[in-house]
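Chemist: no sequence on hand, only this structure:
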């Protein structure tokens with residue numbers, strides 16, 4: 001989607017040199033910043049949790065659980081909320097694994113995401129498939145599927161598998 005008018009004053013927007021949209025009337029900048037997400041490498045008895053996506057994009061592909069950080073949340077709070085909503089699990093965050101840039105889309109609108117990735121321990125193994133999840137499953141290292149949703153998650157899984165003992 002291309003925005004044409006300022007959300008502050010209704011003036012016309014014009015792209016600057018970096019692709020951001022600037023209002024020619026009031027000067028408001030509509031930055032095309034990445035959207036923050038929290039992603040979990042959730043472990044239980046040396047198995048990794050993956051969720052199968054119920055919706056596009058990547059419907060029916062395996063994915064790392066997580067989601068968008070909502071206004072007023074920390075990345076840690078967001079991950080705990082998303083895991084509970086999607087799988088019913090409570091988790092204990094152990095460490096930060098890293099931050100990863102990637103792409104996502106909503107229809108024809110492609111945008112960037114910035115994922116904060118945590119290693120966490122599940123407080124149980126019973127799984128549900130709720131919200132936008134079709135299935136949840138624990139995978140041993142040798143069972144990890146090759147088709148993982150989203151470019152950033154593909155990189156995360158690849159790097160995690162190299163370090164996973």
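Modeler: Received, thanks. Everything numeric in this text was worked out from a predicted model, so none of it was measured.
Chemist: so, low pLDDT: which residues of the chain?
Modeler: Flagging of the chain using pLDDT under 70 yields the residue ranges 1.
Chemist: quick one, strands of it?
Modeler: With DSSP state E, the ranges of strands along the chain come out as 13-15, 21-23, 29-30, 35-44, 47-53, 62-63, 66-68, 91-106, 109-122, 133-139.
Chemist: what lies in contact with the third one?
Modeler: This means strand 29-30. Residues from elsewhere that reach strand 29-30, judged by C-beta atoms under 8 Å, 6 or more residues apart in numbering: 3, 6, 7, 13, 16, 20, 21, 22, 23. Every residue, glycine included, has its C-beta placed from N, CA and C.
Chemist: and if we set it to 6 Å?
Modeler: Here strand 29-30 makes contact (C-beta atoms under 6 Å, 6 or more residues apart in numbering) with 20, 21, 22.
Chemist: swap in the longest one?
Modeler: Outside of strand 91-106, the residues within contact range by C-beta under 6 Å, 6+ apart are 41-42, 57, 76, 83, 113-122, 150-152, 156.
Chemist: likewise the fourth one?
Modeler: With C-beta under 6 Å, 6+ apart as the contact definition, strand 35-44 has outside contacts at 49, 64-66, 68-69, 75, 78-79, 83, 91, 97, 113-122, 125, 160.
Chemist: tell me which residues of that strand are tucked away?
Modeler: Neighbour counts over strand 35-44 (16 or more other C-beta atoms under 10 Å) mark 36, 37, 38, 39, 40, 41, 42, 43, 44 as buried.
Chemist: next: the first one.
Modeler: When neighbours are counted by 16+ other C-beta under 10 Å, the buried residues of strand 13-15 are found to be residue 13.
Chemist: show me what it is packed against.
Modeler: On a contact count with 3 or more C-beta pairs under 6 Å, 6 or more residues apart in numbering; DSSP states H and E, strand 13-15 meets strand 21-23.
Chemist: list the buried ones in the strand it packs on?
Modeler: Residues 21, 22, 23 are the ones in strand 21-23 that count as buried (16+ other C-beta under 10 Å).
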